[in-house]
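Undergrad: just coords:
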């Protein structure tokens, strides 16, 4: 009987005391329903694109991110000049940035969606030897040729 109470207690703890990071990570995107199926598909594709970009940062795998880079993308990264960069330049710069500012955790906190434009706000938690630090993140996407592409990435103070 004690085992049943123990298992029940553990189940309650798991259900009601989930890690806050998991809850916060889901609050960044507001689910919407569209009457038009093509608009719903477009909206879901936008979310999928943001999730892939986040996965790219968290796994430190630039290829997850670079597939969504526009041919000319605005980068504003700590330590680099804010400017337009080619897709190849942006890929190299992002790789160097993630390597230098060793990423611990990348999360989104808020998002905004319009018909052909979307952006997210989040945090880039890194370790540079003096302990963990956090930088704000802004990423914007544009809808072009039935794909969501990265228009701008900003990770600065």
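TA: Sure, I can see it. These figures come from a predicted structure and were not determined experimentally.
Undergrad: show me where this protein has its strands.
TA: In the chain, the strands defined using DSSP state E lie at 69-77, 83-86, 102-113, 117-127, 132-144, 147-155.
Undergrad: out of the ones you listed, flag the one nearest residue 30.
TA: Evaluated with Cβ to Cβ, these place strand 102-113 nearest to residue 30, the distance being 7.1 Å. Bear in mind the C-beta positions are built from the backbone N, C-alpha and C, glycine included.
Undergrad: residues making contact with the closest one?
TA: For strand 102-113, contacts defined as Cβ atoms under 8 Å, 6 or more residues apart in numbering pick out 21, 24-25, 27-30, 32, 43, 46, 50, 54, 57-58, 60, 118-128, 132, 137.
Undergrad: now stretch 55-62
TA: 63-65, 91, 94-95, 98-99, 103, 105-106, 124.
Undergrad: any chance of a markdown table for the strands of the chain, columns mean neighbour count, mean pLDDT and distance to residue 37?
TA: Shown next, in a markdown table, are those (neighbours: other Cβ atoms under 10 Å; pLDDT from 0 to 100; distance: least, Cβ to Cβ, whole Å):
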| stretch | mean neighbour count | mean pLDDT | distance to residue 37 |
| --- | --- | --- | --- |
| strand 69-77 | 18 | 96 | 27 |
| strand 83-86 | 15 | 96 | 35 |
| strand 102-113 | 16 | 95 | 17 |
| strand 117-127 | 18 | 96 | 19 |
| strand 132-144 | 16 | 96 | 16 |
| strand 147-155 | 20 | 97 | 17 |
